[in-house]
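Visitor: Got a predicted model here, sequence first, then my questions.
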Amino acid sequence: MSQVISEKKGAVGHVILSNVAKMNAMTMHMWQAVPLALQTFDKDPEIRVIVISGDGDKAFISGADISQFDQLRGTEDAQAQYNAAVNAAYMAPILCSKPVVASIRGYCFGGGLGFAASCDVRICAEDAQFRMPAARLGLGYDPKGVKRFMDILGAANTADIFYSARRFDAKDALRMGFVSQVHSVEDLPVKTQEYVQLISENAPLTMAAAKFAIRQGLMDESEKDLDRAKQMVKDCFSSEDYKEGRKAFAEKRLPNFRGV
């Protein structure tokens with residue numbers, strides 16, 4: 001059974017991509033379910049950070065479910081509809097105002113690699129394996145998707161993984177900057193939880209402003225909304241959370257931010 005599972009644990013929203021029989025290969029239904037799951041957590045004021053992971057211990061996402069390709073990608077119209085669903089899923093972490101962290105075990109191939117690239121931060125286990133196999137399938141890759149890899153990896157590393165279609169491991173992913181942390185398989189859940197707990201204690205308005213500013217920095221000039229970015233910074237300085245942060249610092253205690 002393929003599904004996208006949402007679990008709320010305190011201030012952390014968990015999105016679990018589940019298709020265990022096929023190493024979490026993404027079906028059309030799963031691509032379509034991702035935006036709703038993220039939007040639901042984004043609207044929940046109690047959620048401060050979102051973690052995305054794959055079900056089981058074999059894969060984050062092993063790629064798209066190729067068994068659906070003939071039916072869902074066999075014609076130009078069908079291909080356009082499929083691509084629209086995938087692109088909407090890729091954009092969901094980017095458009096989410098809250099930090100989105102990918103916690104990666106096992107295979108992270110193709111569409112899984114592209115989806116992970118859309119998350120804000122990527123953490124992986126030592127058993128993680130990455131691959132962009134588009135050149136082995138004869139698939140064209142959307143230029144905006146290629147740019148996301150270039151923003152993370154740079155042009156040379158992006159060319160390497162696209163041209164060679166080779167597998168690369170956690171050590172290589174860390175060297176290229178695709179992931180920011182590598183942990184043992186046993187430690188990954190704990191280390192992920194420690195990291196997102198740290199994020200969840202911080203000021204929501206500040207994180208939202210920072211995420212929006214980062215996004216502006218990666219956009220073409222014609223797409224930027226710098227006025228909004230500046231307003232979000234002003235909103236931080238006029239917020240109750242800013243008062244609480246200063247007070248907590250003076251009192252040497254953990255601040256109680258409320259996002260207002």
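Guide: That came through, no problem.
Visitor: Show the average pLDDT along stretch 99-113.
Guide: In this model, stretch 99-113 has a mean pLDDT of 97.
Visitor: cool, and stretch 232-244?
Guide: Mean predicted lDDT for stretch 232-244 stands at 96.
Visitor: residues making contact with it?
Guide: 203-206, 208-209, 212-213, 255-260 (C-beta atoms under 8 Å, 6 or more residues apart in numbering). Heads up, the C-betas are built off the backbone N, CA and C, glycines and all.
Visitor: For S180, which non-adjacent residue is spatially closest?
Guide: Counting by C-beta to C-beta, 6 or more residues apart in numbering, V121 is the residue found nearest to S180 once chain neighbours are left out, at 5.9 Å.
Visitor: in this protein, what spans have low per-residue confidence?
Guide: 69-75 (pLDDT under 70).
Visitor: Could you pull out the helices in it for me?
Guide: 28-43, 69-72, 76-95, 111-118, 134-137, 143-153, 155-164, 170-176, 188-200, 204-218, 226-237, 240-251 (DSSP state H).
Visitor: do you know which of the ones you listed lies nearest V51?
Guide: helix 188-200 (5.7 Å; C-beta to C-beta).
Visitor: and the angle from that closest one to helix 204-218?
Guide: 100 degrees (axes from the mean of the first three to the mean of the last three C-alpha atoms, to 10 degrees).
Visitor: helices or strands next to helix 188-200 in the packing?
Guide: strand 12-18, strand 49-54, strand 100-104, strand 121-125, strand 181-183 (3 or more C-beta pairs under 8 Å, 6 or more residues apart in numbering; DSSP states H and E).
Visitor: of all these, which lies closest to T192?
Guide: Of all the helices and strands packed on helix 188-200, strand 100-104 comes closest under C-beta to C-beta, at 4.4 Å.
Visitor: related to what we said a few turns ago, I'd like the helices and strands packed on helix 188-200 as a markdown table, with distance to S239 and mean neighbour count appended.
Guide: Formatted as a markdown table, the helices and strands packed on helix 188-200 follow (distance: least, C-beta to C-beta, whole Å; neighbours: other C-beta atoms under 10 Å):
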| stretch | distance to S239 | mean neighbour count |
| --- | --- | --- |
| strand 12-18 | 22 | 21 |
| strand 49-54 | 19 | 25 |
| strand 100-104 | 22 | 27 |
| strand 121-125 | 24 | 23 |
| strand 181-183 | 30 | 18 |
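Visitor: Could you dump those strands into JSON lines and include distance to L36?
Guide: Listed next are those as JSON lines, based on distance: least, C-beta to C-beta, whole Å:
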{"stretch": "strand 12-18", "distance to L36": "10"}
{"stretch": "strand 49-54", "distance to L36": "13"}
{"stretch": "strand 100-104", "distance to L36": "15"}
{"stretch": "strand 121-125", "distance to L36": "22"}
{"stretch": "strand 181-183", "distance to L36": "28"}
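Visitor: Please identify which of the ones you listed is closest to G111.
Guide: strand 12-18 (10.4 Å).
Visitor: Just checking: what are the partner strands of that closest one?
Guide: Here strand 12-18 is paired, per DSSP bridges, with strand 3-9 (antiparallel), strand 49-54 (parallel).
Visitor: which of the residues in the first one are buried?
Guide: Right, strand 3-9. Neighbour counts over strand 3-9 (16 or more other C-beta atoms under 10 Å) mark 4, 6 as buried.
Visitor: What lies in contact with it?
Guide: Strand 3-9 has contacts (C-beta under 8 Å, 6+ apart) with 13-19, 29-30, 33-34, 37, 40-41, 44, 46-47, 55.
Visitor: So what's the residue count around G111?
Guide: 23 (other C-beta atoms under 10 Å).
Visitor: quick one, what contacts the spatially closest residue to G112 that is not a sequence neighbour?
Guide: Among residues not flanking G112 along the chain, I61 sits closest, at 2.7 Å (C-beta to C-beta, 6+ apart). Contacts for I61 (C-beta under 8 Å, 6+ apart) come out as 17, 24-26, 54, 107-112, 115-116.
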